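A.B. asks: sequence unknown, structure follows:
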């Protein structure tokens, strides 16, 4: 019996935890909007504020890109506010992939 507990314990320790798989909430071709208030993506007429904005550093304002987005309630990455300009948006998102 002692060997069974030892075997189960070793098996539990050797299990590798996998990273979570995120299913996109929104996918499609979107327009990049960059201003002093932050980085945004516009899909049709809906504007999303991008939380993980370093993923869009290589794109210019007005570029059309194909992206997958995950809606979020708060931004884990948003270092500082660059200006006091108000810019309306519909929800916060994290970019999952850019093509």
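C.D. replies: Thanks, I have the structure now. Nothing here was measured: the structure is a model prediction, and the numbers come from that model. Numbering: from 1, shown residues only.

A.B. asks: distance of the nearest residue to residue 38 once chain neighbours are set aside from residue 66?
C.D. replies: Spatial nearest neighbour of residue 38, excluding adjacent residues (Cβ to Cβ, 6 or more residues apart in numbering): residue 49 at 5.8 Å. Using the backbone N, CA and C atoms, a C-beta is placed for each residue, glycine as well. Separation of residue 49 from residue 66 (Cβ to Cβ, to the nearest Å): 19 Å.

A.B. asks: more neighbours, those two?
C.D. replies: residue 49 (21 against 11; other Cβ atoms under 10 Å).

A.B. asks: Pull up the pairing partners for the one helix or strand the more buried one maps to, direction included.
C.D. replies: Take DSSP states H and E as the rule and residue 49 turns out to sit in strand 46-50. Counting by DSSP bridges, the strands paired with strand 46-50 are strand 38-43 (antiparallel), strand 91-98 (parallel).

A.B. asks: Report the rounded mean pLDDT for that strand.
C.D. replies: The average of the pLDDT scores along strand 46-50 is 95.

A.B. asks: Do a quick rundown of the helices in this protein.
C.D. replies: 2-14 (DSSP state H).

A.B. asks: Sketch out the low-pLDDT regions of it for me.
C.D. replies: Applying pLDDT under 70 to the chain flags residues 1-22, 77-82.

A.B. asks: most neighbours per residue, which of the strands paired with strand 46-50?
C.D. replies: Mean neighbours per residue, mean count of other Cβ atoms under 10 Å, is largest over these for strand 38-43, with a mean of 20.

A.B. asks: Show residues contacting that strand.
C.D. replies: Identification of contacts with strand 38-43 by Cβ atoms under 8 Å, 6 or more residues apart in numbering yields 26, 28-34, 47-50, 53, 56, 65, 67, 69, 78, 82, 87, 89, 93, 95.
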